[in-house]
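>>> Structure for the following, please:
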Amino acid sequence: MSPSWKRALLLVGVLTLGLTLARLAPVAHAVSPGCGDTITTPGTVTLTSDIGPCAGNGLVIGASVVVINCAGYSITGTNTPDTFGISDTGYNGLTVENCAISKFSIGILLVDVWHGTITGNTANGNGNTGIAVDSDAYFDQSEYNLISGNTVENNGYYGIGLYVSSYNDISSNTALNDGSAGIIMGGWYACIYGVTTCSTGNTIQDNRADGQEYGFNDESTGGLGTGSGTSGTWNTYYDNECHGNTVESLPAGLCGAWNETGAPEFPFGLALLFLLLFPALLVLRNRTLSSKPLQV
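You can find the predicted model right below:
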């Protein structure tokens, strides 16, 4: 084969490889979206301006592996009922970061979403909930999501709500002056009647809740308002702080002291003694001794 043919074939190969890599690379959306837009392409959407005020929804997720980076810009509603700042139903791998979302019913809503990351956002002044993680109408649960480093404040009912969902990590968030509870684990109506499996394997750690009716409220299987927190299977609360709430936690012990819902609770000193005497049992049961005693 002549040298010119070899060079031609090499050029074709390089161009083919380049086109293939271009197709595989995440898409960066050049145009900042607006109210009610649906993101249908995987990739990163970086806002270059504020969105809203929106009479309806803010952004709707219509593809998996989408990154919404607000870059400090805001998404604002008009206090219209049943609207959502960012909503994702059934698309996995969503990341929402650096957003300020206000005046919707729910600021950020995940329904039947796996492996999402919601971090570094502020959800303020939404009518119902700042950030909600939920199952769909068929009780397909949201699982393995990370909700971390967010501030949820002055929302009508809840700062962060976790409903009939499992294996999620709710960590290092701050809930301030939300109407009912800073962080709530609900969904008792579904599992108490055998409709679906109760929320299980969630970790709620290193959060702070100030100025609510309830700092932390686990009512996932006990019935509305009873605060039995039985939850079924090993939802773990540790190193959470609560101050200035009417009831710091329901049931007691979800903030400050160590606890796994459904497990017995101990005063801090007794828990430390128990850890020293029976360390293997504590490891097997996956309980964690708080380094922060209860602060009120």
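>>> shaky segments in this protein?
Per-residue confidence for the chain (pLDDT under 70) gives these ranges: 1-31, 137-139, 187-197, 220-234, 256-296.
>>> try 80
Within the chain, the ranges that satisfy pLDDT under 80 run 1-31, 137-139, 186-200, 219-234, 256-296.
>>> need the helices for it, in chain order.
Using DSSP state H, the helices of the chain run over residues 3-24, 188-192, 268-277, 279-284.
>>> What residues of stretch 40-58 count as buried?
Neighbour-count burial for stretch 40-58 flags 45-47, 51-54, 57-58 (criterion: 16 or more other C-beta atoms under 10 Å). To be clear about C-beta, it is placed using only N, CA and C from the backbone, and glycine gets the same treatment.
>>> export it as PDB, just CAs?
C-alpha atoms of stretch 40-58 as PDB (Å, rounded to 0.1, in the frame of the first residue of the first chain):
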ATOM      1  CA  THR A  40     -34.200  16.000  27.500                       C
ATOM      2  CA  THR A  41     -30.500  15.500  26.800                       C
ATOM      3  CA  PRO A  42     -27.900  14.100  29.200                       C
ATOM      4  CA  GLY A  43     -25.200  16.500  30.200                       C
ATOM      5  CA  THR A  44     -24.600  19.700  32.100                       C
ATOM      6  CA  VAL A  45     -26.900  22.700  32.200                       C
ATOM      7  CA  THR A  46     -25.300  25.800  33.700                       C
ATOM      8  CA  LEU A  47     -27.500  28.700  34.300                       C
ATOM      9  CA  THR A  48     -26.200  32.100  33.100                       C
ATOM     10  CA  SER A  49     -29.200  34.100  34.500                       C
ATOM     11  CA  ASP A  50     -32.000  33.800  37.000                       C
ATOM     12  CA  ILE A  51     -35.200  31.800  36.000                       C
ATOM     13  CA  GLY A  52     -38.600  33.200  36.800                       C
ATOM     14  CA  PRO A  53     -40.800  34.300  38.300                       C
ATOM     15  CA  CYS A  54     -42.500  31.200  36.900                       C
ATOM     16  CA  ALA A  55     -46.300  30.800  37.000                       C
ATOM     17  CA  GLY A  56     -45.900  27.000  36.600                       C
ATOM     18  CA  ASN A  57     -42.900  24.700  37.100                       C
ATOM     19  CA  GLY A  58     -39.300  25.800  36.900                       C
END
